[in-house]
Each structure stands twice: as C-alpha cells, then as structure tokens.
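Participant: got a predicted structure plus its sequence, pasted below:
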Amino acid sequence: MARQQELLAEIRAIIHAAPLFQPVMPRTGKPFSVKMSNCGPLGWVSDIDGYRYQPTHPRTGEPWPAMPGMLLELWREHTAYPLPPQACLINWYEPQARMGLHQDRDEEDTDAPVLSVSLGDRCRFRLGTRERKGPTHSFLLESGEVMMLAGANRMAFHGVERIYPATSTLLGRSGRINLTLRRVTRA
DNA sequence: AAGTACCG
DNA sequence: AAGC
C-alpha cells in the first residue's frame, strides 16, 4: 500500500509536467474514453495520422518526464529482459471509460514483454489470443496488481470492459490508472 | 477493401 | 446489465 502511494505520487508529478491528453482514433478522429500521458524516452500516442511512439508530448512539445526508478526496478524484477523499458504509457480511466480489444503491436521489439501495473479502482480485464476473433476470458484486476504479457500472450488481444467505481481508496476518488511498460526499439 | 485502442 |  505504501509502495502504491509512493508510485502514485510519482505518477501525479509526471502528469503535472506532462498533462493528460485525449487521444483520438486514426482517420475518424473519435476520442478515446481514456486520457493518456507517458514517461520514459518514448511515449505512445494516437491521433488522426495513426499510432506511434514519439519522444515528446503532443501538446507541450516537451520530452516525456523520466521513468521513475520504481518502475525500472519492477521491470527488472518481473521480466528477465536484458534491456530497460523505453515507454511507460499512463492510461487514466474515469469510471465510465473502457478500452476496446486491441493488440500492442507498435513496438519493433516484440520479444520484450509488456508489463502492466494497476492503481485505483478494480476493473474487468479481457484477454484473448493473437487472433481478433479467438476465444477470450475476463477477470478482475485490482490496485497493486502487476500483469505481464509475455510469450504466447505478448500479442494477445486485450481490453478493459468495465471499471468498478469506489472499489479502492488509493486515488482519493473513483477511477483507475494503468501503467504499461514497454520496450520499443530492438537495440 | 480491410480493419478497427473507435463503436454496440 | 454484463459478457460476448
């Protein structure tokens, strides 16, 4: 719990420097229901032109804040990957926010696992296979849980079906923060 | 046309 | 209403 509070404080400082932005779907411009920011040398963004990783914030033009040491440690402890993560995507879910089924496929390095940390309210998470219409199952994810998508699951479709408001007091209000650590380039 | 981090 |  104290570790979660400590991590949350780091994330709040990051969001202060690199404000949450509202991504939109490529081509259609439809806004996502989640808000995003990033830390680390690269950040994931989505706008009318497409999905990509870039070194700067789309609105401020500033480099993303540094990745907190705690996250680098988590990566080292949980993945046995030789290279450090380059991007930490911060997804902010208001209670009504969702994330449709998708794959994380904008990374060159698809051997590196994807590591996710949940903070705040519980959510129902859905995990499938590498095929969009493959079978899926869903389960609860709660504050403090660390989930790794590796091996056969690295390219699995996944999404967030629902947030359960007021199921955690960590944030001081309803909502969920998900941190997703990724290695982007190969070397 | 597929495909889809949108949508129902 | 979720789970699909």
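Facilitator: That came through, no problem.
Participant: check which helix or strand covers the closest residue to DNA strand C within chain A.
Facilitator: Closest to DNA strand C within chain A is residue A:124: 4.7 Å, counting by Cβ to the nearest atom of the strand. Every C-beta, even on glycine, is put in place using the N, C-alpha and C of the backbone. Following DSSP states H and E, one finds residue A:124 within strand A:122-127.
Participant: contact residues of chain A facing DNA strand C?
Facilitator: Within reach of DNA strand C by Cβ under 7 Å from any atom of the strand, chain A has these residues: A:124, A:136, A:137, A:138, A:161, A:162.
Participant: got TSV for those, with secondary structure and neighbour count too?
Facilitator: Below are the residues of chain A next to DNA strand C laid out as TSV (DSSP: H, G, I helix; E, B strand; the rest coil; neighbours: other Cβ atoms under 10 Å):
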residue	secondary structure	neighbour count
A:124	strand	15
A:136	coil	16
A:137	strand	8
A:138	strand	16
A:161	strand	14
A:162	strand	16
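Participant: what values do phi and psi take at residue A:52?
Facilitator: phi -170, psi 170 (degrees, to the nearest 10).
Participant: thinking it is in contact with residue A:45, fair?
Facilitator: Yes - at 6.3 Å, residue A:52 and residue A:45 qualify as touching, with contact defined as Cβ atoms under 8 Å.
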